[in-house]
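Q: Compute the structure for the input listed below.
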Amino acid sequence: MSRLARVAAALALALLVAAPAGATDGPLERAAGSWLELLDAGRFDDAWNEGAEMLRQNASRSRWEEATRSLRETMGAVTTREAVTKDYTLELNGVHGTFFTLRFRTRLADGREVVELVTLTPGADQQYRVAAYGLKR
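A: Coordinates of the predicted model:
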């Protein structure tokens, strides 16, 4: 690939990723939203199974489910969720790959607002899968 083609491809990717996430409902937002719905429904086992290999390698299933359940119980019910930003990186926690982190502004039933961070990576099947999840407080 020529230098000009690489620069054009990088610019196109940067424009795609730098756009406010709420302005589009692309494959990243749909994948993250579907996965978050599993958490909202308390289906932690399904969320684990649908997650990326990286998610499953970082902790045992029982440890991940326990930590995620505890985190989600502090939130309570979700009333609205909006993707507000997304970032792209080639490394996450020392692992090289393709990673997209979406930030969701999430309103809870008690009126509080939290920011959920969902990091996705393409799986072996080229479907975006969640590699990491957390809350920004």
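
Q: Can you list the low-confidence ranges for this structure?
A: 1-24, 137 (pLDDT under 70).

Q: name the element the residue nearest to the spatial centre of it belongs to?
A: Centroid-nearest residue in the chain, with Cα atoms, centre = their mean: residue 118, separated by 2.2 Å. Using DSSP states H and E, the element containing residue 118 is strand 113-122.

Q: Now that strand: buried residues?
A: Of the residues in strand 113-122, 114, 116-122 count as buried by neighbour count, 16 or more other Cβ atoms under 10 Å. In short, each C-beta sits where N, CA and C put it, glycine included.

Q: Same list, those, but as TSV with distance to residue 64 please.
A: Formatted as TSV, the buried residues of strand 113-122 follow (distance: Cβ to Cβ, whole Å):
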residue	distance to residue 64
114	19
116	16
117	16
118	15
119	14
120	17
121	17
122	21
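
Q: Residue 93: which of those residues is nearest?
A: Taking Cβ to Cβ as the measure, residue 93 lies nearest residue 119 of the buried residues of strand 113-122, at 9.6 Å.

Q: Just to check, the closest one is in contact with residue 104?
A: No - contact criterion Cβ atoms under 8 Å: residue 119 and residue 104 do not qualify, at 11.9 Å.

Q: Just give me the neighbour total for residue 29.
A: Look at residue 29: counted by other Cβ atoms under 10 Å, it has 21 neighbours.
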